[in-house]
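Undergrad: What shape does this take:
(one chain, ligands or ions: 2)
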Amino acid sequence: MPAPRTLLLTGAAGGLGTLMRSLLPEYGYALRLFDVRPIEDEPGAITADLTDTEALREAVRGVDAVLHLAGISLEAPFEKILKSNIEGTYRLYEAARQEGVPRIVFASSNHAVGFTPVPGVGDAPIPVDTPRRPDTFYGLSKSFGEDLAQLYWDKHGLETVSVRIGSCFPEPTSVRMLSLWMSPADGARLFHAALTAEGVGHTVVYGSSANTRLWWDLTSARALGYDPQDDSEPYAGKLLAEQGEADPRDPARHHLGGTFLTDPPLWPY
Ligand code: NAI
Ligand code: 15L
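TA: Ligands and ions are numbered 1, 2, ... in the order given. Sure, this is the predicted structure:
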């Protein structure tokens, strides 16, 4: 697949969307921005909800691919998750199918498999085909998104790379993030690989940097051409001094999803 020229970026007003707005143009993308929240410095941005089918049809018309970041990004009441993440993602796929968009890169999450125990010393990293074990309604909506992507590939030939993102922020801010961190620059590298690799069908990958304390297997991401350049390790000394090693009695420290396992989730974790 040649490098897409026009990319619809949903969730463009959010944290990751803002980071990608500054990083992805370097890879040659012309971005079309979409978010329910207005973006003040971007007069051309589309301000609409994912459940607005007319706005979505117009937004996807003529784009080469979609990077789908929009949605509720933390745990929330089921009705809200249902509207934005489950119905909203379905509406996006349906609009893309109707307009013939060939590929979507879907922002899935570690919370789709959040109840997976983290590997102990010497254990193999978590494989990408580990059973789904959502830790929240939020994680459940990401699990739904991955199944929806599979359906649209099998039935309609619409390709998706589902990226189970760890924690993509400018810096890791917790001991847990030392294992899950994806630097914004590596995020842009991974999204670009996912947007341009040949013949992906529906591929699931983990999204993180090449962290020394990595918990999961990046093989399927590397197979797309992703070559991570960053590692959270330089932050380890400071974070461990501040927060300490995992308490062996605390389940949140021993499962991928961290405190999303508890109700309500706590921050920081
Ligand atoms: P964010 O909460 O900062 O941004 C999400 C954006 O989506 C917001 O600007 C919001 O207005 C928009 N949005 C929400 N519902 C919408 C709707 N119904 N219609 C249109 N727009 C809507 O989240 P962040 O951190 O930027 O994450 C982006 C995506 O990546 C999310 O889907 C999140 O679940 C996923 N993700 C992010 C991770 C991270 O470390 N930042 C980790 C794992 C997944
Ligand atoms: C996510 O899925 C969230 O969207 C993000 O805000 C972080 O909480 C991240 O997971 C994480 O697990 O660190």
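
Undergrad: Model confidence for the residue of the chain found nearest ligand 1, exactly?
TA: Going by CB to the nearest ligand atom, ligand 1 is nearest to residue 14 of the chain, at 2.0 Å. Any C-beta I mention is one placed from the backbone N, CA and C, and that applies to glycine too. Per-residue confidence (pLDDT) for residue 14: 98.

Undergrad: ok, now the one 10 residues further on?
TA: What the model reports as pLDDT for residue 24 is 98.

Undergrad: Pretty sure it sits against residue 188.
TA: Yes: counting by CB atoms under 8 Å, residue 188 is a contact partner of residue 24 at 5.8 Å.

Undergrad: Would you map the helices across the stretch 51-200 of the chain?
TA: Counting by DSSP state H, counting those that start in this stretch, one finds helices in the stretch 51-200 of the chain at the ranges 53-60, 78-81, 88-99, 137-156, 177-180, 184-196.

Undergrad: What parts of the stretch 151-269 of the chain come near ligand 2?
TA: Listed as neighbours of ligand 2 in the stretch 151-269 of the chain under the rule CB under 6 Å from any ligand atom: 167, 180.

Undergrad: ok, now with 5 Å
TA: Residues of the stretch 151-269 of the chain lying near ligand 2 by CB under 5 Å from any ligand atom: residue 167.

Undergrad: re the thing from before, may I see the helices of the stretch 51-200 of the chain arranged in a markdown table, with mean pLDDT and mean neighbour count as well?
TA: Below are those laid out as a markdown table (pLDDT from 0 to 100; neighbours: other CB atoms under 10 Å):
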| stretch | mean pLDDT | mean neighbour count |
| --- | --- | --- |
| helix 53-60 | 98 | 18 |
| helix 78-81 | 97 | 15 |
| helix 88-99 | 98 | 21 |
| helix 137-156 | 98 | 20 |
| helix 177-180 | 96 | 24 |
| helix 184-196 | 98 | 23 |
